[in-house]
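Asks: Let's see this in three dimensions:
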Amino acid sequence: MGDERPVFVVGCPRSGTTMLQLMLHAHPRIAIPPETRFLLKAYAERERYGDLADPANRRRLAQWITTGRTAFADLGLDPGAVVEEVVAAGPTLGSALGAVFRAYAARFGKVRWGDKRPAYLNNLDVVRRLFPDAQIVNIVRDGRDCIASIRETPWYDKDICLAVSDWARAMDSSARARRTLPPDSYHELRYEELVAEPEPVLRRLCAFLGEAYDPAMAEPARVAEVAVPSRKSWHRLTREPVTSQRVGSWRERLQPWEIALCEAVAGRHLTGQGYQLSVGIPSVWHGQALRHRLHYPLHDAPRWTLPARRMATGLRERFAAPEALAYEASRAAQVPSR
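Replies: The predicted structure follows:
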């Protein structure tokens, strides 16, 4: 694919993935859309659409992407034109999905495309089956800031234990990616460094991508209007200049017992990522912290069983009939925006 290698932005929720998406979208050659939310579901339900060598099956898939319960409407593309683009694409699931991302890039006159979604970090095997040449960009942030931010969003109403476990799982997946992915396919950066000094961090990112740095990348708010849906109020700060004011704000945004819980159950991950633990916080073994500490293992169980589940999936795929899933360059013309 050369210069057309897809770019996937990943990370724990509220770690700065949207800001990084905008920084990449501000590049004159790269287009990264708002979260599309159809890739993982399409992969999980791929048998539903049958053999995509049949154009009729590609049409059914495309109609689901453009009219089903996805975020396609946020892309600003003509649904009918995209359906035809998918039908004209290569006979694989990766090709069909890639046609949508290529159409989004064409809307802005750009040649490189990709996607952003935190959930991809825990599903990199799927991403790379569909797009073997993908370049993964993972942004890591202090888990306490992530957890404080997650709990303030209007869509999160779960127990704090789940938020802590989600961050720990993201760190597990980050460690696995560092171990298993080639250096030219995986790049990791820190939220704290990015907001403190955007240019040097972005220059290193561009070097990884094989692109020239563009100063517009350090001003992501300039493209927020077209790349972040206005209804997502929790992304309002992306419309403001990059700032480091939120770094370490967990000290004020989390209660002492919440800090104690985070550090008790995720302290190894925090220190492993270079974040310092607190001094003088209450013990986790009394009050509200104790109750959550005792039932944290129940919430965290899926993270501990993930390696076994991943191994089982690998065994099933090894003995299953081979599937042609990988992206092939589209044969179709560019799709106009609506």
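
Asks: And the helix of greatest length in the chain, what's buried?
Replies: For the chain, the helix that runs over the most residues, judged by DSSP state H, is helix 287-319. Of all the residues in helix 287-319, those buried under the rule 16 or more other Cβ atoms under 10 Å are 288-289, 292-293, 296, 299-300, 303. Every residue, glycine included, has its C-beta placed from N, CA and C.

Asks: will you turn those into CSV that also has pLDDT?
Replies: Putting the buried residues of helix 287-319 into CSV (pLDDT from 0 to 100) gives the following:
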residue, pLDDT
Gln288, 87
Ala289, 88
His292, 91
Arg293, 92
Tyr296, 92
His299, 88
Asp300, 91
Arg303, 88
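
Asks: with these in mind, which one is nearest to Asp133?
Replies: Nearest to Asp133 among these: Arg303, at 29.2 Å, using Cβ to Cβ.

Asks: shouldn't the closest one be in contact with Ala170?
Replies: No - using Cβ atoms under 8 Å, Arg303 is not in contact with Ala170; the gap is 9.7 Å.

Asks: how near is the residue lying farthest from the centre of the chain to Leu261?
Replies: Centroid-distance maximum for the chain: His286 at 36.3 Å, with Cα atoms, centre = their mean. To Leu261, His286 is 12 Å away according to Cβ to Cβ, to the nearest Å.

Asks: Can you list the low-confidence ranges for the chain?
Replies: 1-3, 227-239, 330-338 (pLDDT under 70).

Asks: all strands for it, in order.
Replies: 7-11, 30-31, 112-116, 135-140, 186-190 (DSSP state E).

Asks: What ranges does the stretch 51-200 of the chain have for its helices?
Replies: 55-67, 79-87, 93-107, 124-130, 143-151, 160-180, 191-196, 198-209 (DSSP state H, counting those that start in this stretch).

Asks: So for Arg246, which of the ones you listed sits nearest?
Replies: Nearest of the helices of the stretch 51-200 of the chain (Cβ to Cβ): helix 143-151, 6.7 Å.

Asks: Pull out the buried residues from that closest one.
Replies: Neighbour-count burial for helix 143-151 [16+ other Cβ under 10 Å]: 143-151.

Asks: ok, now stretch 100-111?
Replies: So, applying 16+ other Cβ under 10 Å, buried residues of stretch 100-111: 100-108, 110.

Asks: Nearest to Arg37 among the residues you listed?
Replies: The closest of the buried residues of stretch 100-111 to Arg37 turns out to be Val100 (Cβ to Cβ; 11.8 Å).

Asks: what about the closest one, distance to Ala42?
Replies: 10 Å.

Asks: any common contacting residues for those two?
Replies: The contact sets of Val100 and Ala42 overlap at Ile65 (Cβ atoms under 8 Å, 6 or more residues apart in numbering).

Asks: so which of the helices of the stretch 51-200 of the chain gets nearest Gln276?
Replies: So among the helices of the stretch 51-200 of the chain, helix 143-151 is nearest, using Cβ to Cβ, at 10.7 Å.

Asks: Measure how that closest one sits relative to helix 160-180, angle-wise.
Replies: Orientation note: helix 143-151 sits at an angle of 130 degrees relative to helix 160-180 (axes from the mean of the first three to the mean of the last three Cα atoms, to 10 degrees).

Asks: Tell me the gap between helix 143-151 and the middle of its chain.
Replies: 16 Å (Cα atoms, centre = their mean, to the nearest Å).

Asks: which helices and strands does that helix pack with?
Replies: helix 160-180, helix 250-253, helix 256-272 (3 or more Cβ pairs under 8 Å, 6 or more residues apart in numbering; DSSP states H and E).

Asks: These: which one's closest to Arg318?
Replies: Using Cβ to Cβ, the nearest of those to Arg318 is helix 160-180, at 16.7 Å.

Asks: tell me which residues of the closest one are tucked away?
Replies: By neighbour count on 16+ other Cβ under 10 Å, the buried set for helix 160-180 is 160-174, 176-177.

Asks: So what touches that helix?
Replies: With Cβ under 8 Å, 6+ apart, helix 160-180 has contacts from 11-13, 15, 118, 121-122, 124, 136, 138, 140, 143, 146-147, 150-151, 156, 186, 188, 258, 261-262, 265-266, 269, 272-273, 292, 295-296, 299-300, 302-303, 306.

Asks: ok, back up a step: roughly how far apart are the residue farthest from the centre of the chain and Pro198?
Replies: Taken as Cβ to Cβ, the span from His286 to Pro198 is 43 Å.

Asks: thinking again about what came up before, same list, the helices of the stretch 51-200 of the chain, but as CSV with distance to Gly248 please.
Replies: Formatted as CSV, the helices of the stretch 51-200 of the chain follow (distance: least, Cβ to Cβ, whole Å):
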stretch, distance to Gly248
helix 55-67, 41
helix 79-87, 43
helix 93-107, 35
helix 124-130, 29
helix 143-151, 7
helix 160-180, 16
helix 191-196, 8
helix 198-209, 18
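
Asks: Identify whichever of those lies nearest to Ile32.
Replies: Closest among these, using Cβ to Cβ: helix 93-107, at 8.7 Å.

Asks: Would you mind pulling up the elements that the closest one packs against?
Replies: So helix 93-107, by 3+ Cβ pairs under 8 Å, 6+ apart, packs with strand 30-31, helix 39-44, helix 55-67, helix 79-87, strand 112-116, helix 124-130.
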